[in-house]
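# Pasting the sequence and the predicted coordinates here, then a few questions.
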Amino acid sequence: MPIAFFILRLFMFFLLAAFGSPLFYAFAVIIESQLSNRTFKHQTTMIFYISLMNAVFVPLVMFLGWPSVPSTAAIVCYVLLAFLDIVYLYPYYTAMKVIDTSIVAALFSLGQITIPVMTYLWLDERLSLTQYIGFAIIIMSSIALSIKGTKIPKLNRAFYYMVGASLLRAFYVVLEKYVLIEDGNWINMVIYPNLISGFMPFVFLLVGNWRKDIVRNFPPYLHRFKIFAVNEFLCFLGLACGVYGLSGLSPVVSTSIGATQPIFMLGLSYFILKHFGLPLKEKLTARIIMKKLYCFVLIILGVVLVVQ
């Protein structure tokens with residue numbers, strides 16, 4: 001009995017950490033929307049300056065544990081994870097310039113549809129019928145959030161950007177879980193890929209047009225440095241919670257919980273709009289709020305079915 005109680009408590013810790021990840025990332029997405037739409041015109045410039053801060057907060061995780069020396073195979077995986085972490089940002093920030101942030105967050109869950117297949121083939125993980133139903137509810141609700149109007153459903157171009165970004169991110173999550181199983185140290189997963197991805201964008205300086213835009217936007221970056229720092233600290237908290245949660249949960253459960261991010265987005269957007277009056281892309285009319293709430297209820301139902 002004590003062993004069962006201990007396992008249950010440990011599982012609850014993993015669940016709480018997994019829910020902390022979409023909460024912190026929701027804060028970060030709102031800030032990134034402001035930075036992307038009001039500071040930088042080119043996505044590569046945004047990626048460069050966001051990534052500069054990647055490695056700054058990573059050492060904080062060492063208050064919770066120390067990294068170990070990874071194997072050669074793990075190092076290769078960490079480099080690939082860092083590369084994926086940079087590449088997926090281009091379509092992600094492109095979509096963010098087109099539609100409101102809560103829909104970007106919802107569409108990000110589209111890549112989940114491939115996770116059961118990848119985990120089955122790669123990690124030999126099988127789902128129950130109930131989990132598949134929950135998964136389908138999450139996907140359909142996320143797609144519904146990206147449909148404009150009430151007439152014939154028409155997917156906007158941000159849908160296709162986010163399909164690419166979410167597929168890359170889905171592969172990232174499954175690879176991340178594979179390395180966590182093989183390496184066995186979640187601290188390594190927080191530290192090594194993010195240290196590498198913090199330096200990768202310096203390759204952008206080799207491209208003439210990208211370099212000119214990065215240099216030209218250095219003064220605005222310094223002017224908003226505090227905002228960038230807050231954004232990356234929130235991303236670090238979301239990352240640490242997500243990795244710790246994934247270390248004890250399956251990729252399907254972890255990413256299903258991540259689908260609750262749009263719910264946090266709606267609440268935070270309303271709070272910021274009401275109390276600070278910041279010009280967000282969120283169009284919070286009563287009709288749109290009701291549509292989003294309906295979809296969010298379905299997403300929560302899907303998450304409950306998957307998690308159980």
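The structure has been received and is ready for your questions.
# Please identify which helix or strand holds residue 221.
helix 218-223 (DSSP states H and E).
# Averaged pLDDT, that helix. What do you get?
Averaged over helix 218-223, pLDDT sits at 85.
# Restrict it to CA atoms and write it as PDB.
This file holds the C-alpha atoms of helix 218-223, laid out as PDB (Å, rounded to 0.1, in the frame of the first residue of the first chain):
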ATOM      1  CA  PHE A 218      20.000  45.500 -32.300                       C
ATOM      2  CA  PRO A 219      19.000  48.900 -30.800                       C
ATOM      3  CA  PRO A 220      15.300  47.800 -30.600                       C
ATOM      4  CA  TYR A 221      16.500  44.600 -29.000                       C
ATOM      5  CA  LEU A 222      18.400  46.500 -26.400                       C
ATOM      6  CA  HIS A 223      15.400  48.800 -25.800                       C
END
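# from what I can see residue 195 touches residue 57, true?
No - Residue 195 is not in contact with residue 57 according to CB atoms under 8 Å; the separation is 11.2 Å. Any C-beta I mention is one placed from the backbone N, CA and C, and that applies to glycine too.
# May I see the buried residues of the helix holding residue 221?
For helix 218-223, burial by neighbour count (16 or more other CB atoms under 10 Å) applies to residue 221.
# which strands and helices sit next to the helix or strand that comes right after it?
The helix or strand immediately downstream of helix 218-223 is helix 225-248, counting by DSSP H and E. Contacts defined by 3 or more CB pairs under 8 Å, 6 or more residues apart in numbering; DSSP states H and E place helix 225-248 against helix 2-38, helix 43-52, helix 157-183, helix 186-199, helix 251-258.
# okay, those, which one's buried deepest?
Among the helices and strands packed on helix 225-248, helix 251-258 has the highest mean neighbour count (mean count of other CB atoms under 10 Å), at a mean of 25.
# tell me the average confidence for that one?
Mean predicted confidence for helix 251-258 is 80.
# Check stretch 20-30 too.
84.
# and it, C-alpha only, in PDB?
Taking C-alpha atoms only, stretch 20-30 is exported to PDB below (Å, rounded to 0.1, in the frame of the first residue of the first chain):
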ATOM      1  CA  GLY A  20       2.600  24.100 -15.500                       C
ATOM      2  CA  SER A  21       4.200  23.900 -18.900                       C
ATOM      3  CA  PRO A  22       1.200  25.200 -21.000                       C
ATOM      4  CA  LEU A  23       0.600  27.900 -18.300                       C
ATOM      5  CA  PHE A  24       4.100  29.400 -18.600                       C
ATOM      6  CA  TYR A  25       4.200  29.000 -22.300                       C
ATOM      7  CA  ALA A  26       0.900  30.800 -22.600                       C
ATOM      8  CA  PHE A  27       2.500  33.900 -20.900                       C
ATOM      9  CA  ALA A  28       5.400  33.600 -23.300                       C
ATOM     10  CA  VAL A  29       3.300  33.300 -26.400                       C
ATOM     11  CA  ILE A  30       1.500  36.600 -25.600                       C
END
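# For residue 29, give its distance to residue 212.
28 Å (CB to CB, to the nearest Å).
# Quick one: end-to-end distance for stretch 245-264.
18 Å (CA to CA, to the nearest Å).
# Can you pull out the low-pLDDT segments for the stretch 1-150 of the chain?
1-12, 33-39, 99-107, 109-111, 143, 145-150 (pLDDT under 70).
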